[in-house]
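>>> Need coordinates for the below:
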Amino acid sequence: MKNLYIILVAILLFTSCQGQEMQAKKTDFSKLPAKNMAKLDTATFGAGCFWCTEAQFKELKGVVNVVSGYTGGWIKNPTYAQVCTGSTGHAEATNIIFDPHVISYDQLLEAFFVAHDPTELNRQGNDVGTQYRSAIFVHNKEQLDKTQYYLSALEKEKVYNKPIVTEVVPATVFYPAEDYHQDYYRLNGKEPYCQLVIKPKLEKFKRIFSKVLKEGQ
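This is a model prediction of the structure:
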């Protein structure tokens, strides 16, 4: 009987600790600033391989720069090799610097959901692992509100046959990827991955957003 009591107490303690841990892991958006006040703004998205998303977003009018990198994890200054193991917590992501007077965050959200499949958990096509997860890293409460509204609308309209699994979390430290990852498609367009994976996605993306492409694209 004494042993049973000890086991029950242990279970209760374990359950309590689990609850505290889950509560601690609950996403905290309270420290986000209300909105961006600078001339340029930043959107940070995880949508699978950053080679693809960088090439897509660079086509849009109002996008000043796109940087491929890693964010959302716990390892400082991660390398590509480390991120590929899936053990760093980081996602491959793109920092999109844009002029909100030319292109809105709403339009970038629309582009984000076209650029990848937000119903695939921890993968995009043949790229598999938590580093390829669908994620939106919000920089302020205005971005959070727009993201939540957009997600709610997509779910309500049943745009997808499967549930959306996109992670929404506050933006933290963004680590730019190694130099050879930057502008990858333009510099390595003849490579098989670029021809077989990136090019078809990019062409589809450009058809959908033909009215908001940069001149000459």
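>>> so where is this protein shaky, pLDDT-wise?
The model of the chain has pLDDT under 70 over residues 1-25, 216-217.
>>> residue boundaries of the strands in this protein?
Assigned by DSSP state E, the chain shows strands spanning 41-47, 63-71, 91-98, 123-124, 127-128, 134-138, 167-170, 175-176.
>>> Quickly list what the residue sitting nearest the centre point of the chain is bridged to.
For the chain, the residue nearest the mean C-alpha position is Gly46 (2.1 Å; CA atoms, centre = their mean). Taking DSSP bridges, one finds Ala135 as the beta-bridge partners of Gly46.
>>> dump the residue contacts of it.
71-72, 91-93, 132-137, 167 (CB atoms under 8 Å, 6 or more residues apart in numbering). All C-beta spots, glycine's among them, are computed from the backbone N, C-alpha and C.
>>> What is the nearest of the residues you listed to Tyr185?
Checking these against Tyr185 with CB to CB, the nearest one is Glu92 at 14.3 Å.
>>> quick one, helices of this protein?
Counting by DSSP state H, residue ranges of the helices within the chain are 2-25, 50-57, 80-84, 105-115, 141-156, 184-187, 192-193, 199-208.
>>> List of residues touching the fourth one?
Read that as helix 105-115. Residues external to helix 105-115 that are found in contact with it (CB under 8 Å, 6+ apart): 41, 43, 45, 47, 52-53, 56-57, 60, 96, 98, 136, 142-143, 146-147, 150, 154, 201, 205, 208-209, 212.
>>> among those, which ones are buried?
Neighbour-count burial (16 or more other CB atoms under 10 Å) is assigned, among the contacts of helix 105-115, to 41, 43, 45, 47, 52-53, 56-57, 60, 96, 98, 136, 142-143, 146-147, 150, 154, 201, 205, 209, 212.
>>> Roughly how far does the residue nearest to the centre of the chain sit from Ala93?
4 Å (CB to CB, to the nearest Å).
>>> For the two, list the residues in contact with both.
Residues touching both Gly46 and Ala93 by CB under 8 Å, 6+ apart: 71-72, 135, 137.
>>> so which of these comes closest to His181?
Scanning these for proximity to His181, where the rule is CB to CB, the winner is Thr71, at 13.9 Å.
>>> OK, contacts around that closest one?
Contact criterion CB under 8 Å, 6+ apart gives 44, 46, 90-91, 93, 137, 171-175 as the residues in contact with Thr71.
>>> what's the answer for His181, then?
Applying CB under 8 Å, 6+ apart, we find His181 in contact with 50-51, 68, 80.
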